[in-house]
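> Need the 3D shape of this:
(one chain, ligands or ions: 1)
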Amino acid sequence: MEQPATEVNINQAKLVIIQGDITRQATEAIVNAANSSLMGGGGVDGAIHRAGGSTILEECRQIVSRQGRLPAGKAVITSGGNLTARFVIHTVGPVWRGGNQGEPELLASAYRESLRVAAANNLGSISFPSVSTGVYGYPVAAAARVALGTVASFLQERPTSIKEVVFVLFDPVTFEKYLSVLGEIAGGVRK
Ligand code: ADP
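All right, here's what the predicted structure looks like:
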């Protein structure tokens, strides 16, 4: 049987999904699924701060003292500290409250704003985790549709500096769900 595609090309950019640890990615930026305090936490947030060191947290502290807590759906950028990635883009996804509290819009916004920040900084590549599907409880298949759909439309809309978007899925179940949604999307994208 043919293996399902882990990669699609959209408008001279590629959208890739892999299973792995985002703290080890070599894209120019990695995205953190942060919380509004930007003060670190569990899950991928804790892993990024542990691997990246204290300068990331210090920059987050400065951002919060300038502009206050980061609302869901928004994104900010810091340096990557000790990470291979030069930058971390911190975004806040929605907490899942049943799906009728604007969760899909906020999740789409988190991805879109992260991409916007990357393009505004002229970055060529960016990695995302599966925002909101850990502690925040967003169902994975629904989140994968929003995540991949939002990135695909962003890349389709206009050319930007971004030539590679990688989804780094930590566990095999999440990876498989993203893989099947990518298959649905691959049928519908303009090459
Ligand atoms: P949220 O609070 O937005 O739900 P979590 O960090 O709890 O964020 O979970 C988001 C996703 O990140 C989950 O699928 C979790 O398994 C995954 N994750 C945890 N650690 C890592 C890591 N080092 N690299 C990539 N993904 C990770």
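
> Show me which residues of the chain sit near the ligand.
Within the chain, the positions adjacent to the ligand are 21-23, 33, 43-45, 47, 93, 129-136, 168, 170-171, 174 by CB under 6 Å from any ligand atom. C-beta here means a position set from N, CA and C on the backbone, and glycine is covered the same way.

> Now list the buried members of the residues you listed.
22-23, 33, 43-45, 47, 93, 129-134, 136, 168, 170, 174 (16 or more other CB atoms under 10 Å).

> so of the residues you listed, which ones are in helices?
Of these, the ones assigned to helices by DSSP state H are 43-45, 47, 174.

> what's the nearest residue to Thr55 once chain neighbours are set aside in contact with, if anything?
Leaving out its chain neighbours, the residue that sits closest to Thr55 by CB to CB, 6 or more residues apart in numbering is Gly81, at 4.5 Å. Gly81 makes contact with 52-56, 88, according to CB atoms under 8 Å, 6 or more residues apart in numbering.

> Which ChimeraX command selects the buried ones in these?
Entered in ChimeraX, the line below selects the buried ones among those, by 16+ other CB under 10 Å:
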select :52,56,88
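
> Tell me how far the most centrally placed residue in the chain lies from Ser180.
Nearest to the geometric centre of the chain sits Phe128, at 2.9 Å (CA atoms, centre = their mean). Between Phe128 and Ser180 the distance is 18 Å, computed by CB to CB, to the nearest Å.

> my read: Ile89 touches Ile77, true?
Yes: under the criterion of CB atoms under 8 Å, Ile89 makes contact with Ile77 at 5.1 Å.

> overlap in contacts of those two?
Contacts common to Ile89 and Ile77, judged by CB under 8 Å, 6+ apart, are 29, 117-118.

> on that earlier part again, report the separation between the residue nearest to Thr55 and the ligand.
In this view, Gly81 and the ligand are 15 Å apart by CB to the nearest ligand atom, to the nearest Å.

> looking at this, that residue is in a helix?
No: looking at Gly81 with DSSP: H, G, I helix; E, B strand; the rest coil, it is coil, so not inside a helix.

> Spell out the residue ranges of the strands in the chain.
If DSSP state E is used as the criterion, the strands of the chain fall at 7-10, 13-19, 29-34, 75-79, 87-92, 125-128, 164-169.

> and the angle from the last one to strand 13-19?
Here strand 164-169 runs at an angle of 20 degrees relative to strand 13-19 (axes from the mean of the first three to the mean of the last three CA atoms, to 10 degrees).
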